[in-house]
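> My questions concern the predicted model and sequence given below.
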Amino acid sequence: MLLALLRQYVGPYRRLVAAVMALQTVSTLASLYLPTVNAAIIDDGVAKGDTALIAELGLVMLAVTALQVVCAVGAVYFGSRTGMGFGRDLRSAMFHHVITFSERETARFGAPSLLTRTTNDVQQIQVLTQMTTTTLVTAPIMCVGGILMAIHQDAGLSWLLAVSVPVLALSNYWVVSRMLPIFRSMQRLIDGINRVMREQLSGIRVIRAFARESFERERFAVANAAVSNTALAAGRWQALMLPVTTLTINVSSVALIWFGGLRIDAGDMQVGSLIAFLSYFMQILMAVMMATLILVMLPRASVCAERITEVLGTQTAITDPDAPRHPPNGIRGEVILEGATFRYPGAERPVLEAVSLAARPGTTTAIVGSTGSGKSTLISLICRLYDVTDGSVRVDGIDVRDYDTEALWSSLGLVPQRGYLFSGTVADNLRYGKSDATEEQMWSALRVAAAEDFVRAHPDGLGMRVAQGGINFSGGQRQRLAIARAVIRRPSIYLFDDAFSALDVHTDARVRAGLREVSADATVIIVSQRISTVAQADSVVVIDGGRVVGSGTHHTLLLDCPTYAEFVDSQSVGARVGGGQ
């Protein structure tokens with residue numbers, strides 16, 4: 001999986017990678033040449049007192065060193081550009097793929113996990129890519145070239161290489177193989193700590209209201225300790241590599257000097273050759289160490305690659321058809337459900353079962369029912385956040401699954417239960433509904449949603465700042481701004497999912513009066529628990545336990561539908577009790 005990701009996303013940077021490899025090759029060859037020059041200076045210059053030769057070879061060493069520095073700097077520069085570009089492209093691919101997910105895929109992964117995969121996981125592979133481009137050529141050339149050059153200096157000591165290099169490589173491989181499952185567990189635990197932190201930040205008011213700070217501190221401490229303990233376990237294995245490597249290098253160096261000294265004493269080797277052999281020996285072991293660094297990063301990057309590939313390989317359940325259909329005269333807004341049944345993945349029973357209803361342009365259809373009866377799910381089926389498991393949902397006679405999703409969504413004005421606002425300004429949020437909206441259109445939409453007063457009262461007007469999620473507004477203000485965002489696009493179908501719940505009765509009446517003017521030719525579907533809102537609808541659909549148990553006007557349902565009559569009576573009793581108090 002890791003190789004597949006690297007091939008796909010490093011591919012566009014072939015020229016940069018080629019430049020890095022070429023520069024690294026020259027730099028490594030230069031470093032291999034220096035010990036030989038140094039040996040010549042000692043054996044042929046210093047030993048014989050040839051000052052001219054020492055100066056000549058010294059200049060050669062300076063030139064080679066300068067070339068090595070220039071190539072090394074260039075390799076690091078181009079390698080960094082490759083790594084950064086790779087990370088940028090992979091994050092972009094992740095983001096663009098995730099925003100195509102339906103509610104099903106988003107719920108499957110969870111927002112905290114998707115955040116971790118898009119940031120931390122990508123970063124791990126990005127660092128590996130940057131390190132690999134700078135060491136991929138260096139390590140093998142330095143290792144193989146160092147062995148050849150060392151043997152060229154003195155073949156009698158080459159047996160030390162045959163012992164030291166395999167010992168170092170095998171010991172490091174053994175440590176790395178133990179780290180792979182630990183890193184896999186660690187990424188899941190990072191998901192968990194992100195989930196806890198996200199919940200605590202989002203629910204900080206609830207935590208304080210119920211004085212649960214100590215409980216949440218303990219919950220975060222548990223998640224934090226799990227990540228810390230796992231990181232320590234990985235760190236212990238990783239820390240074991242340094243002493244093993246250092247021990248191998250030092251013991252090998254002592255053995256090399258010992259046996260090299262014996263060969264010099266016997267006249268079989270010169271001092272310069274021993275120093276050059278020692279330099280090559282150290283270069284070989286350094287190459288093994290560089291490969292070890294890559295091996296240390298490889299397990300975690302492999303786990304991250306699996307997690308990223310899992311996201312990129314997930315196909316959304318909501319897809320565009322091969323041959324999309326559309327009404328010849330544009331979408332008018334007629335919505336018809338026939339035997340619509342929906343079951344959440346893994347659920348024992350359907351949330352909605354055999355639901356049939358019709359909502360036509362120029363009419364308002366209200367949907368009422370007890371909590372958990374499936375009202376919001378029904379709205380999700382109309383705007384195709386989910387697809388029905390049986391039956392059909394049709395808009396203007398065409399099944400929503402046969403529409404191009406962008407064309408379908410562009411005809412909808414959805415106001416969900418929670419009026420979510422994006423950070424920015426009021427104008428920025430209104431332009432989510434219509435990107436080219438003028439100020440006049442914005443003020444008109446705010447007027448319809450009864451939001452003009454508090455926006456005009458602010459010194460910045462449409463430039464009024466909006467915090468993430470709209471937390472600097474009250475619940476009613478958020479709902480009114482969300483309504484304005486839907487109104488500004490003048491859709492063919494308005495979907496209000498309990499969107500008036502935070503409004504007082506007077507503001508509710510003002511908003512509905514404004515909506516009647518702008519939605520005279522559109523289809524309006526309202527989910528509401530407020531009888532004053534439901535009573536004025538042209539048609540009321542009563543849902544109980546996922547089934548339609550009544551359909552008609554407010555007055556006919558009072559006579560014919562006991563469930564609806566109980567719903568109305570419960571609010572009437574509540575109003576009388578509240579008035580008596």
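Arrived safely, thanks for sending.
> Check which helix or strand the nearest residue to residue 398 once chain neighbours are set aside maps to.
Sequence neighbours aside, residue 325 is the residue nearest to residue 398 in space, at 5.1 Å (criterion: C-beta to C-beta, 6 or more residues apart in numbering). Where you see a C-beta, it was placed from the backbone N, CA and C, and this is true even at glycine. With the criterion set as DSSP states H and E, no secondary-structure element contains residue 325; it sits in neither a helix nor a strand.
> Same check on residue 353?
With elements taken from DSSP H and E, the one containing residue 353 is strand 352-359.
> Mind listing what's buried along that strand?
By neighbour count, and taking 16 or more other C-beta atoms under 10 Å as the criterion, the buried residues in strand 352-359 are 352-353, 355, 357-359.
> what do you get for stretch 452-469?
Under the neighbour-count rule (16+ other C-beta under 10 Å), stretch 452-469 has 452, 454-455, 462, 464, 466 buried.
> ok, so of these, who is nearest residue 88?
residue 466 (27.9 Å; C-beta to C-beta).
> my guess is the closest one meets residue 427, correct?
No - checked against C-beta atoms under 8 Å, the pair residue 466 and residue 427 is beyond contact range at 9.5 Å.
> low pLDDT regions in the chain?
Counting by pLDDT under 70, the low-confidence segments of the chain come to 1, 47, 572-581.
> ok, longest helix in it?
Of all the segments assigned as helix in the chain under DSSP state H, the longest by residue count is helix 213-265.
> after that one comes which helix or strand?
Immediately after helix 213-265, counting by DSSP H and E, sits helix 271-312.
> so what does that following helix touch, helix or strand wise?
With contacts defined as 3 or more C-beta pairs under 8 Å, 6 or more residues apart in numbering; DSSP states H and E, the secondary structure elements packing on helix 271-312 are helix 2-10, helix 14-40, helix 51-98, helix 122-135, helix 138-153, helix 158-202, helix 213-265.
> Including distance to residue 422 and mean neighbour count, could those helices go into TSV?
Below are these laid out as TSV (distance: least, C-beta to C-beta, whole Å; neighbours: other C-beta atoms under 10 Å):
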stretch	distance to residue 422	mean neighbour count
helix 2-10	29	16
helix 14-40	36	19
helix 51-98	15	16
helix 122-135	23	22
helix 138-153	47	19
helix 158-202	15	17
helix 213-265	27	14
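> Residue 571: which of the ones you listed is closest?
Taking C-beta to C-beta as the measure, those were each checked against residue 571, and helix 158-202 came out nearest at 31.1 Å.
> Packing partners of the closest one?
Helices and strands in packing contact with helix 158-202 are listed as helix 111-116, helix 138-153, helix 213-265, helix 271-312; criterion 3+ C-beta pairs under 8 Å, 6+ apart.
> hmm, back to that, how far away from the center of its chain is the longest helix of the chain?
Helix 213-265 sits 31 Å away from the centroid of its parent chain (C-alpha atoms, centre = their mean, to the nearest Å).
> and that helix, what other elements does it pack with?
For helix 213-265, the helices and strands in contact under the criterion 3+ C-beta pairs under 8 Å, 6+ apart are helix 158-202, helix 271-312.
> residue closest to the middle of the chain?
residue 118 (2.9 Å; C-alpha atoms, centre = their mean).
> picking up where we left off before, just checking: what are the partner strands of the strand holding residue 353?
For strand 352-359, sheet partners with direction are given as strand 335-342 (antiparallel), following DSSP bridges.
> Going by neighbour count, list what's buried in the partner strand.
Applying a neighbour-count criterion of 16+ other C-beta under 10 Å, one finds 335-337, 340-342 buried in strand 335-342.
> would TSV of those with distance to residue 565 be doable?
Shown next, in TSV, are the buried residues of strand 335-342 (distance: C-beta to C-beta, whole Å):
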residue	distance to residue 565
335	26
336	27
337	24
340	25
341	27
342	27
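> between those residues, which is closest to residue 215?
Proximity of the buried residues of strand 335-342 to residue 215 was ranked by C-beta to C-beta; the top entry is residue 342 with 36.1 Å.
> what sits against residue 252?
If you count contacts by C-beta atoms under 8 Å, 6 or more residues apart in numbering, residue 252 has them with 160, 163-164, 281, 285.
> Of all the helices and strands packed on helix 271-312, which one is nearest residue 371?
Smallest distance to residue 371 across these (C-beta to C-beta): 21.7 Å, for helix 158-202.
> what angle separates that closest one from helix 138-153?
In this structure, helix 158-202 runs at an angle of 160 degrees to helix 138-153, with axes from the mean of the first three to the mean of the last three C-alpha atoms, to 10 degrees as the basis.
> What residues sit buried inside whatever helix or strand comes next after helix 158-202?
Downstream of helix 158-202, the first helix or strand assigned by DSSP H and E is helix 204-209. Buried residues in helix 204-209, defined by neighbour count with 16+ other C-beta under 10 Å: residue 207.
> Please tell me how far the residue lying closest to residue 135 once chain neighbours are set aside sits from residue 404.
The shortest distance from residue 135 to any residue that is not its chain neighbour, by C-beta to C-beta, 6+ apart, is 4.7 Å, and that residue is residue 290. Remark: distance between residue 290 and residue 404 (C-beta to C-beta, to the nearest Å) = 52 Å.
> higher neighbour count, these two?
For the pair residue 290 and residue 404, the greater number of neighbours falls to residue 290 (19 against 13), based on other C-beta atoms under 10 Å.
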